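1. here is my input; please provide its structure:
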Amino acid sequence: MAKLTLDVTKLEMAASKLRAIAHPMRIAIIDLLHDNQKLSVTEIYNSLGIEQAAASHHLNILKNKGVLVSKREGKKIFYSLRSVTLTEIIECINRCNEE
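-> The predicted structure is shown next:
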């Protein structure tokens, strides 16, 4: 069996991202973006039925941790997932909860 080497820096970055998504509303945002590729802040808070300020707060956390990227188009800012890897982790967690 090959020896597993752990990169502490990579582990810390992964833990930071996992802490960022460890909130039901942030998971909902990731799931929404996974299904829609890119959405504006307005589309996100309307779809989730939350206040604009709450949506912006969660989006900011996810963006700062490198989970989301944003792009301004005119007056609107659109968010999308940086990678689908985190959605795969969420799907795995959901499968574990089914047992």
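2. show me the shaky parts of the chain.
-> 1-3, 98-99 (pLDDT under 70).
3. helix, strand or coil: sort out the spatially most central residue of it for me.
-> What sits nearest the mean C-alpha location of the chain, by CA atoms, centre = their mean, is residue 30, with 4.2 Å. Assigned with DSSP: H, G, I helix; E, B strand; the rest coil, residue 30 falls in the helix class.
4. and the one 4 residues further on, by the same measure?
-> The three-state assignment at residue 34 reads helix, by three-state DSSP.
5. now residue 80: how far from residue 36?
-> 9 Å (CB to CB, to the nearest Å). Where C-beta positions appear, they are placed from N, C-alpha and C, glycine not excepted.
6. pretty sure the residue nearest to the centre of the chain is touching residue 85, no?
-> No - using CB atoms under 8 Å as the test, residue 30 is too far from residue 85 to be in contact (10.8 Å).
7. what about stretch 43-60, distance to the chain center?
-> 13 Å (CA atoms, centre = their mean, to the nearest Å).
8. and for it, what's in contact with it?
-> With CB atoms under 8 Å, 6 or more residues apart in numbering as the test, stretch 43-60 has contacts from 23, 25-26, 28-29, 32-33, 36, 39, 41-42, 68, 70, 79.
9. swap the cut-off to 7 Å and go again
-> By CB atoms under 7 Å, 6 or more residues apart in numbering, the residues outside stretch 43-60 that reach it are 25, 26, 28, 29, 32, 41, 68, 79.
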